[in-house]
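1. The following comprises the amino acid sequence and a computationally predicted model.
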Amino acid sequence: MFKSMLLMLTVVGLIFGGIFGYQAFGNMMMKKYFASVSEPVVAVATIKARSEPWQSRIKAVGDLLSARGVEVSGEVSGQVQKVSFVSGDDVKENDILVELKSDIDQAQLKALEAAAELARINYIRDQKQVEIQAVSQAVVDADAAELKSREALVEQQLALISKKVIRAPFTGKLGISSIAVGKFLNPGEPIVTLQSLDPMRVNFYVPQQEIGRLMINQTIMVTSDARPGRTFEGKITAFNPRIEKDSRNVLVEAVLDNSKGELLPGMFAAVEVETGAPVNYVTIPQTCVSFNPYGETVYRIEEKPAAEDGKIVLIARQTFIKTGETRGDQIAVLEGVKAGEMVISAGQHKLKNGSVVAVNNEVQPSNDPAPKPQED
C-alpha cells in the first residue's frame, strides 16, 4: 500500500514538473525572441517651440445693430395717395415718404378758418364798442375766448393734416416695402424700415472676471463672415450696469465706423479686445497638443545614444503641459516646453512614451498667428 502511494505521488510530481518546466522554457524563449526584435521606428513631423511676443486678447461674439433704427409708421389712418420713395433708397431727415389723402381734412380746415376769422371780426368790433360803452366788458371777454377756441381748432386741424404726410425721422437707408397707392393705413401700421448705418453698434458679452480689463474708449477689432478678410475698428462706449444672473456675463456696447456701408444690422460679429502690454510666450501649433480630460500633453524629442553602436536615436517623450490663450493656429505654452525644444507636430497617434522616431518634415502644419481664409 505504501509503495503504491509513493509511486502515484512520484508520477504526479513528474507530470507537474514537466508542465512547469515547459512553461518556464516557453517564457525564456519568448523573452529571447522579443529581445532580438528591434522596436519599430515611427515617422513623425517636428517643429521647434519658439518664444514670441503675445498680445493678450479678450474674444467674444456679438450682434451688429444700427445706431438708430425704426419701423416707419403713421399716427393717423388714411388712404395712401402718393409714395415718394423706392425700396432701398437713402433718405435724409424730414424727407417725405408717404402722403395720405387729406381732401376732407382740407375742406374742414377751411370751415374752421372761416369760423376763426368771424370770431376775430366780432372781437375787433366789440373792442371798439366797449370804448363807447355800447357793450359790456364781459362780451369782449367772451369774444376773446371764442377767438382763441376757434384758432386752437384751426391749429388742431393743421396738425392732423400734417400727420397725413409721413416723413423720415432721421437720415438713413430704407428697407424693402410693399406699400402702394390706394392702400388704407391704420395708425401704427408699419410702412418701411429705416436704419441709420453709420456708425454701427456692436453688443457683446464678456465674463465678469474680464470686466476689469476693459474701459470706455478702448479699441476693439470686429470681423464678420459676411465680409471675409475685412477688419473693422471701433471703440467701447458703454457697459451694462448689471451682471446677467444666469450667465454671469456683462453686456458691452461699442461703436464702429461704417461709412462704406459694408455692415448691416443683425450680422454676426466676432470681437477681439487687446488688453495690457505684449508678453513673451513659448508658442507651438495647436496640432501638437493632445487635449485630454486629465490634461494637455505633447511629445518632445529627446536624443539618446543606441546601446550597440553609439549612434544617436530620437525618442518621443510624452510631457504634460499647461496651455494659455490661442491665436490663429498657435497656442501659448505656459509650462512644460521651453523655447528651442523640438515637439512632434504630426504622427502622435502612432506613438507611446519612449517610442523611437524618425523625422520627416516634408509636410508641416500651419503655424500662423493670423491665418487668412484660403480660396479654392
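-> Cool, the structure landed. A quick note: this is a predicted structure, and the numbers were derived from the prediction, not measured. Numbering: from 1, shown residues only.
2. who touches Gln318 in this structure?
-> By CB atoms under 8 Å, 6 or more residues apart in numbering, the contact list for Gln318 reads 297-299, 351-353. Bear in mind the C-beta positions are built from the backbone N, C-alpha and C, glycine included.
3. Return the member of the residues you listed nearest to Val333.
-> Distance to Val333 across the contacts of Gln318 (CB to CB) is lowest for Val298, with 8.0 Å.
4. Checking my notes, that closest one in a helix, right?
-> No: counting by DSSP: H, G, I helix; E, B strand; the rest coil, Val298 falls outside a helix, being strand.
5. What count of nearby residues applies to it?
-> If you count neighbours by other CB atoms under 10 Å, Val298 ends up with 24.
6. With Asp225 as the reference, measure out to it.
-> Using CB to CB, to the nearest Å, Val298 is found at 31 Å from Asp225.
7. same deal with Asp105?
-> For Asp105, the distance to Asp225 equals 51 Å [CB to CB].
8. circling back: and the two most separated of the contacts of Gln318?
-> Val298 and Lys352 (14.1 Å).
9. Where does Glu104 sit: helix, strand or coil?
-> Just so we're on the same page, residue 104 is Ile rather than Glu. On the three-state scheme (three-state DSSP), Ile104 is labelled helix.
10. My error: substitute Val181 in the last question.
-> If you use three-state DSSP, then Val181 falls in the coil class.
11. If you drop the residues flanking it in sequence, what lies closest to it?
-> What sits nearest to Val181 in space, not counting adjacent residues and going by CB to CB, 6 or more residues apart in numbering, is Val80, at 5.3 Å.
12. Note down every partner strand of the helix or strand hosting Asn203 and its orientation.
-> Element membership for Asn203, per DSSP states H and E: strand 190-207. Using DSSP bridges, the strands paired with strand 190-207 are strand 57-73 (antiparallel), strand 172-174 (antiparallel), strand 249-256 (antiparallel).
13. ok so, going back, and the residue nearest to Val181, what does it touch?
-> 98-101, 179-185.
14. what's the angle between the helix or strand that Leu314 is a member of and strand 57-73?
-> Taking DSSP H and E as the criterion, Leu314 maps to strand 312-327. Per axes from the mean of the first three to the mean of the last three CA atoms, to 10 degrees, the angle that strand 312-327 makes with strand 57-73 is 30 degrees.
15. what are the pairing partners of strand 312-327, and which direction each?
-> Using DSSP bridges, strand 312-327 pairs in its sheet with strand 295-305 (antiparallel), strand 330-335 (antiparallel), strand 356-359 (antiparallel).
16. closest to Gln23 out of those?
-> Comparison of those against Gln23 by CB to CB identifies strand 356-359 as nearest, at 31.3 Å.
17. Now do that closest one: everything it contacts.
-> Among residues not part of strand 356-359, those counted as contacts by CB under 8 Å, 6+ apart are 39-46, 301, 313-316, 344, 347, 351.
18. So among those, where is pLDDT lowest?
-> Lowest pLDDT of those: Glu39, 63.
19. I'd like to know which of the contacts of Val80 is nearest to Pro207.
-> Ile179 (45.4 Å).
20. what's around the closest one, how many residues?
-> 18.
21. swap in Val337?
-> Neighbour count for Val337, taken as other CB under 10 Å: 22.
22. same question, the one 3 residues further on
-> Gly340: 10 surrounding residues under other CB under 10 Å.
23. Next: Glu52.
-> So Glu52, with other CB under 10 Å, has 15 neighbours.
24. wait, it sits on Ile284?
-> No: Glu52 is not in contact with Ile284 according to CB atoms under 8 Å; the separation is 10.4 Å.
25. From Gln209, how far off is Val140?
-> Taking CB to CB, one finds Val140 at 77 Å from Gln209.
26. Quick one: which of the contacts of Val80 is the most crowded by neighbours?
-> Val98 (25 neighbours).
27. For that residue, what is the enclosing helix or strand?
-> Going by DSSP H and E, Val98 is part of strand 96-100.
28. Paired strands for that strand, with orientation please.
-> Strand 96-100 has the following strand partners under DSSP bridges: strand 78-83 (antiparallel), strand 165-167 (antiparallel).
29. Burial-wise, tell me which of these comes out on top.
-> strand 165-167 (a mean of 19; mean count of other CB atoms under 10 Å).
30. Which secondary structure elements does the helix or strand just after the strand holding Asn203 sit against?
-> Counting by DSSP H and E, the next helix or strand C-terminal to strand 190-207 is strand 219-223. When contacts are defined as 3 or more CB pairs under 8 Å, 6 or more residues apart in numbering; DSSP states H and E, strand 219-223 sits against strand 232-239, strand 249-256, strand 268-274.
31. Any chance of CSV for these, columns mean pLDDT?
-> Formatted as CSV, the helices and strands packed on strand 219-223 follow (pLDDT from 0 to 100):
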stretch, mean pLDDT
strand 232-239, 91
strand 249-256, 92
strand 268-274, 87
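32. For Met8, find the nearest of those.
-> Closest to Met8 of the helices and strands packed on strand 219-223 is strand 249-256 (CB to CB; 83.8 Å).
33. Any figure for the gap between Ile284 and Tyr294?
-> Separation of Ile284 from Tyr294 (CB to CB): 20 Å.
34. after the worst-scoring helix or strand of the chain on mean pLDDT, next one along is what?
-> Sorting the helices and strands of the chain by mean pLDDT, DSSP states H and E puts helix 2-36 at the bottom, at a mean of 64. Downstream of helix 2-36, the first helix or strand assigned by DSSP H and E is strand 42-48.
35. any idea which helix or strand comes after that next one?
-> Using DSSP H and E, the next helix or strand after strand 42-48 towards the C-terminus is strand 50-54.
36. Please identify the buried residues of that next one?
-> Buried positions in strand 50-54, judged by neighbour count with 16 or more other CB atoms under 10 Å: Trp54.
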